[in-house]
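I need the structure of the sequence given here:
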Amino acid sequence: MKVRLFEIFTSVEGEGILYGTKTLFVRLAGCPFHCFYCDTKESLPLDSGTGYSIDDAADLIDSNLKNQTYKVNFTGGDPLIQHEAVALLAKHVQAKKIPTYLESSCFDIDRFNHVLPFIDIVKIEFKTKDSDFVDSKHYDKLIDHTMKCLESSVKSKKTTYIKIVVSSKTPSIEFSKLIKEIFKIVSKDDIDGFIIQPTYGISEPSLELLLELYDLVYPHYMDVKVVPQLHKFIGAP
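Numbering: from 1, shown residues only. Sure thing, here's the model as predicted:
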């Protein structure tokens with residue numbers, strides 16, 4: 001089996017509930033989707049990056065691991081595009097007693113469940129309609145898969161948190177509907193965090209909108225946080 005990796009590097013985690021932690025990022029190549037705010041467009045082509053055997057990719061991870069690394073983050077692109085390779089590489093990392101972290105749009109429940117046994121920390125990212133991730137006729141199917149991934153992660157007792165990227169184009173009515181659907185699936189005790197992440201440098205939401213969206217989550221989950229991409233402010237990759 002081969003895997004295409006775009007890059008491997010150590011940096012400070014800038015997103016989510018574990019921001020600030022020293023992390024080895026394994027960025028896989030390939031993502032066929034179209035979020036307008038994507039900040040890693042160069043990794044989207046399926047033929048970007050470099051092809052490796054699984055053994056060579058595992059060796060590359062080992063050679064890039066630094067002391068005191070908190071976790072290994074499988075990101076992209078979208079790592080579920082290469083789910084079989086991710087499962088093997090994550091299993092390799094787990095054997096080193098280092099937590100594994102999946103950063104995916106959770107667009108396919110079968111691929112997600114294949115990877116899940118080898119992942120310790122799961123970010124479930126719900127896309128809003130205005131993200132342009134998929135066209136409107138496929139959006140409901142995407143959300144159905146993401147909901148199933150959320151349910152599966154929680155049932156598997158993984159450290160699970162939810163992230164939603166919002167922009168100035170995010171309608172509060174649609175956001176509210178999505179939140180209500182999420183909390184039909186899980187309770188506040190099932191998840192380990194809820195992050196609202198504003199876009200950066202493009203269609204940035206106003207503070208007024210962020211507070212409005214915060215208030216829509218708060219009745220369901222009091223520990224909701226608005227967290228921007230902190231690595232952008234310190235010049236980290």
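
export stretch 188-196 as PDB, just CAs?
Provided in PDB are the C-alpha atoms of stretch 188-196 (Å, rounded to 0.1, in the frame of the first residue of the first chain):
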ATOM      1  CA  LYS A 188     -23.400  17.900  26.900                       C
ATOM      2  CA  ASP A 189     -21.800  15.100  28.900                       C
ATOM      3  CA  ASP A 190     -20.900  13.100  25.800                       C
ATOM      4  CA  ILE A 191     -18.500  15.700  24.300                       C
ATOM      5  CA  ASP A 192     -15.200  17.200  25.500                       C
ATOM      6  CA  GLY A 193     -15.600  20.600  23.900                       C
ATOM      7  CA  PHE A 194     -17.500  22.800  21.400                       C
ATOM      8  CA  ILE A 195     -15.400  25.200  19.300                       C
ATOM      9  CA  ILE A 196     -16.800  28.100  17.100                       C
END
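
state the distance from residue 40 to residue 27.
For residue 40, the distance to residue 27 equals 7 Å [CB to CB, to the nearest Å]. In short, each C-beta sits where N, CA and C put it, glycine included.

residue 160 now?
22 Å.

likewise residue 80?
14 Å.

do residue 97 as well
Taken as CB to CB, the span from residue 97 to residue 27 is 23 Å.

these two: who's more crowded?
The residue with more neighbours, out of residue 97 and residue 27, is residue 27; 22 against 6, by other CB atoms under 10 Å.

picking that back up, what's the overlap in contacts for residue 40 and residue 27?
6, 76-77 (CB atoms under 8 Å, 6 or more residues apart in numbering).

what ranges do the strands span in the protein?
2-12, 22-28, 50-53, 71-75, 100-104, 121-125, 159-166, 194-198, 225-226 (DSSP state E).

including mean pLDDT and distance to residue 36, could those go into a markdown table?
Shown next, in a markdown table, are the strands of the chain (pLDDT from 0 to 100; distance: least, CB to CB, whole Å):
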| stretch | mean pLDDT | distance to residue 36 |
| --- | --- | --- |
| strand 2-12 | 97 | 20 |
| strand 22-28 | 98 | 20 |
| strand 50-53 | 98 | 27 |
| strand 71-75 | 98 | 19 |
| strand 100-104 | 97 | 19 |
| strand 121-125 | 97 | 15 |
| strand 159-166 | 98 | 10 |
| strand 194-198 | 98 | 14 |
| strand 225-226 | 98 | 20 |
